[in-house]
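> okay, sequence plus prediction incoming.
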Amino acid sequence: MRTALILAGGSGTRLRPLSSDENPKQFLRIFDGLSLIEKTFGRVSRLMDPSSIFVSTNEQYAPKCAAYLPALPEVNILTEPARRNTAPAVAVCCYAIESIIEDAVIAVLASDSYIADEDEFRRVLARAYEFAAANDYLVSIGIEPTEPNTGYGYLELGDEIAPGVSKVRRFTEKPSRERAERYLRSGGYCWNAGMFVWRASVFRRMLEEAAPEIAALADRIVASGDPAKRLEHYEAMPSISIDYALMEKAPRVAAIRGNFGWSDVGSFESLERVGVPVAELLKKG
């Protein structure tokens, strides 16, 4: 069964003073009167019922998530008892989803990405679901690069293993300008946008191999009904990203190229490129 996990715990520090600790980037209603989290939820809800969509956030932002997404069942807002980066959050939430939905195929998506061509995004996401459901791979949606951007990580792609699906040779860190230009010329690289799709059972098996400590603690957290114990286990988690903890170590990672006008809108310049009147908003304070 197709499900989605929207990550909404970020504090949006790069867009201050537009964003703040109380109102980070994903909640700013500056995109045609909607926030990025509303737009993310809206595009995913055209592929599945809201009961199959989950949001991961911290306890501070849980009420905002509920207010901004009234169609989302409140029980589907999964809160982190502490800040421990994306690997612990994704692990706990995927294990929780697995305990609720049998044979779940989970798309992990950021709440604060801008996407211009939503129909093409849904087509690519549907292909990722299809491949992940039938194969023991972790699937990444790689963004077709449009410039030698040094602010993104890259995926080096290998042979095509299914129509439109390539094996990932390696994850590479944010490159120098010279290296980014070389990546662009080669045609064998995509930006790593942190969009993933996998079967819950495949994710569990690969996480247990790559990061057994995180896997064991995630199991204890999901099984425990004691808030104090959950906090204790969560605070014992290493603070590490899902890329470092799992994706760079997993033996079977595939990628599907996406060309749908993606941006992480992580700077004022990128906001302006997608049509947000930054100067006007800053004047309004």
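All right, it came through fine. Predicted model, so just to flag it, every value in this text is computed and none were measured.

> ok, residues contacting the helix or strand where Glu232 lies?
In the assignment (DSSP states H and E), Glu232 maps to helix 227-235. Helix 227-235 has contacts (CB atoms under 8 Å, 6 or more residues apart in numbering) with 80-82, 84, 88, 92, 217, 220-221, 224. Heads up, the C-betas are built off the backbone N, CA and C, glycines and all.

> out of the residues you listed, what pair is the most spread apart?
Between any two of those, the greatest separation by CB to CB is 16.2 Å, found for Arg84 and Ser224.

> more crowded one of those two?
Arg84 (21 against 14; other CB atoms under 10 Å).

> wait, the more buried one sits on Met237?
Yes - under the criterion of CB atoms under 8 Å, Arg84 makes contact with Met237 at 4.6 Å.

> what's the overlap in contacts for the two?
Common neighbours of Arg84 and Met237 (CB under 8 Å, 6+ apart) do not exist.

> helix or strand right after the longest strand along the chain?
Criterion DSSP state E: the longest strand present in the chain is strand 189-199. Per DSSP H and E, the first helix or strand lying C-terminal to strand 189-199 is helix 200-210.

> specify the angle between the helix or strand that that next one is followed by and helix 200-210 in degrees.
On the C-terminal side of helix 200-210, the closest following helix or strand by DSSP H and E is helix 212-223. Going by axes from the mean of the first three to the mean of the last three CA atoms, to 10 degrees, helix 212-223 is angled at 140 degrees with respect to helix 200-210.

> name the residues that touch whichever helix or strand Pro63 is part of?
Using DSSP H and E, Pro63 sits within helix 62-68. Applying CB under 8 Å, 6+ apart, the external contacts of helix 62-68 come out as 8, 23, 27, 35, 37-38, 55, 57, 72, 74, 77, 79.

> for the most centrally placed residue in the chain, helix, strand, or coil?
With distances taken as CA atoms, centre = their mean, the residue of the chain nearest its centroid is Leu109 (3.1 Å). What DSSP: H, G, I helix; E, B strand; the rest coil gives for Leu109 is strand.

> surely it meets Ala4?
Yes - applying CB under 8 Å, one finds Leu109 in contact with Ala4, separated by 6.2 Å.

> and stretch 96-105, how far out from the chain middle?
Stretch 96-105 sits 18 Å away from the centroid of its parent chain (CA atoms, centre = their mean, to the nearest Å).

> check contacts around Leu281.
Leu281 touches 18, 30, counting by CB under 8 Å, 6+ apart.

> what touches both of Leu109 and Ala4?
Val44.

> low-confidence stretches in the stretch 101-250 of the chain?
Across the stretch 101-250 of the chain, nothing is flagged by pLDDT under 70.

> just the buried residues of the one helix or strand Leu281 maps to, please?
Per DSSP H and E, Leu281 falls inside helix 278-284. Buried residues in helix 278-284, counted by 16 or more other CB atoms under 10 Å: Val278.

> any idea how far the longest helix seen in the chain is from the middle of the chain?
If you go by DSSP state H, the chain has its longest helix at helix 118-134. Remark: helix 118-134 is offset 15 Å from the chain centroid, using CA atoms, centre = their mean.
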